[in-house]
Every structure is written in structure tokens, then in C-alpha cells.
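> Model the following, please.
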Amino acid sequence: MASAGVFSLVVAVLRRDLSAAARRGSEWSNPLVFFIMVCALFPLGIGPQPARLAELAPGILWVVALLASLLASDSVFRGDYDDATLEQMLLSHQPLYPQVIAKTIAHWLLSGLPLSLLSPLLGVLLHLPMAGMGALMASLALGSAVLSFIGAIGAALTVGLRKGGLLLSLIILPLYIPVLIFGSSAVKAAVEAGPYLPQLAMLGVFFLLALALAPLAICGALRISVDQ
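Okay, the predicted model is just below:
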């Protein structure tokens, strides 16, 4: 019965956040627009040579996806803090841990998952070989979920600050680096017809660790930020 209640709570929070994001629009569209625009600038900046773009494409796509995820991280708890919903969450008798997981999953569904689904189109723009498309989508799907949990930690720490964007970047960018390394190397290995499953496995390990540990850090950070 307790597990059913927790599952219902997760579904309710997830449905509420997705409905609110659908009404606002910019919460899910801004990272996608940023992802498209920045990727489209690279052929203009470094030249349209297909071989050069194909060589740089894995790193470009992963770095831009990382920055797009960072752009969306500040909104994870910002709306709830502004309308005092976050304070009610902390004072409620409902457990905070599953609510935090639900909000982070909603953030991934609105930012990370669309980026991973859109990435093959931008891979074609950057002349990424077809051999790397599957690894690109899989690595971004797993990696962006990890980025969402890490970003939620930073968002929870800075939610009480009026201009916490710069501090948020300083906190979470160093934690993004391992995900970036394994994600881009998976795509490069696939393009070179090498084994890329070990890199995806590491991203899976990162995801499981983030799913288990990050909500604990987020809960503590939220209590500290709201009590200030």
C-alpha cells in the first residue's frame, strides 16, 4: 500500500509539472531552440567542409546539449519557489524524496528527451556518419537524465537567490564533465566502428547513482535554501 501511495504521488507531481510546462511553453522550447541555433552556427564558424564537421560533430553535439540542459536547469524549482508551492512541499506530510524524483523526471522529459530525439537531424547537419546516430541518441538519452539530476542539485541550492544562474553554472559544470567525456567518446567509438557499449554502460552506472543519491542531496539543498 505504501509503495502504491508513493507511485501515485510521483504520477501526480509529474502530471502537474508537465501540464504547467505545456501552458508556459518556453520551459521546454527554449533549450530546443538553443540546441538548434548553436549547432547551426558551427558550419558557419568553422567552415562547411564535411570531413571536418564529421570529425568534430560528436563533441559539438554533446557540448551544445550539455549547455542546453544547463540552460533549463534553473527552472526545475523556480516556479514552485515563486508561488510558494515549494514551501508547501517541504511542510507537507507527503515524503519529499519521490516528489523530487518526479520533478527531475519531468525536467528530463521536457529538455533531455527532446534533445536526444532531435539530435539525429542536427547530426545530419554536421555530417555525422550514420554509424554514430544510434550511439548519439542512446548516449544523450542516458546522459541527459544524469545531467537533469545533477542540474537539479544546483537548482535546489540556488533557488532562493534572485540571480543564481552564474552560481548554478559554477556548481554543476564540473560535475557534468564525466558525462560529457563518456557520452562524446561513445559516439566517436561508434563512428570509428569500435566498441561503444562500455561507454554507454558507464552512463548507465552514472544514471543509477544519480537516481539513488541525487534526490537526497536535492532534498537537503531545498531545505537549506527555503530556510534561509
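
> pLDDT wise, what is the most centrally placed residue in the chain at?
Central residue of the chain (C-alpha atoms, centre = their mean): S148, 3.4 Å from the mean position. pLDDT, S148: 93.

> Would you mind pointing out the helix or strand P48 falls in?
Using DSSP states H and E, P48 is not contained in any helix or strand.

> Go through the biggest helix by length in the chain and flag the buried ones.
Counting residues, the longest helix found in the chain (DSSP state H) is helix 197-227. Neighbour counts over helix 197-227 (16 or more other C-beta atoms under 10 Å) mark 199-200, 202-203, 206-207, 210, 214-215, 217-219, 221-222, 225-226 as buried. Every C-beta, even on glycine, is put in place using the N, C-alpha and C of the backbone.

> Kindly report the same for stretch 105-125.
Applying 16+ other C-beta under 10 Å to stretch 105-125 flags 105-116, 118-120, 122-123, 125 as buried.

> looking at it, A40 is touching L121, isn't it?
No. Counting by C-beta atoms under 8 Å, A40 does not reach L121; the two are 10.8 Å apart.

> Which strands and helices lie in contact with the one helix or strand S116 maps to?
Using DSSP H and E, the element containing S116 is helix 113-125. When contacts are defined as 3 or more C-beta pairs under 8 Å, 6 or more residues apart in numbering; DSSP states H and E, helix 113-125 packs onto helix 26-46, helix 50-73, helix 133-158.

> After the last one, which helix or strand is next?
Tracing the chain C-terminally past helix 133-158 and defining elements by DSSP H and E, one meets helix 165-191 next.

> That next one packs against which elements?
By 3+ C-beta pairs under 8 Å, 6+ apart, helix 165-191 packs against helix 50-73, helix 133-158, helix 197-227.

> per-residue confidence averaged over it?
So the average pLDDT for helix 165-191 ends up being 89.

> Tell me the one of the buried residues of helix 197-227 nearest G134?
L200 (10.1 Å; C-beta to C-beta).

> In contact with the closest one: list those residues for me.
Neighbour list for L200: A135, A138, S139, L142, A186 [criterion: C-beta atoms under 8 Å, 6 or more residues apart in numbering].

> Tell me which two of these sit farthest apart.
Largest separation among the contacts of L200 by C-beta to C-beta: A135 and L142, giving 10.7 Å.
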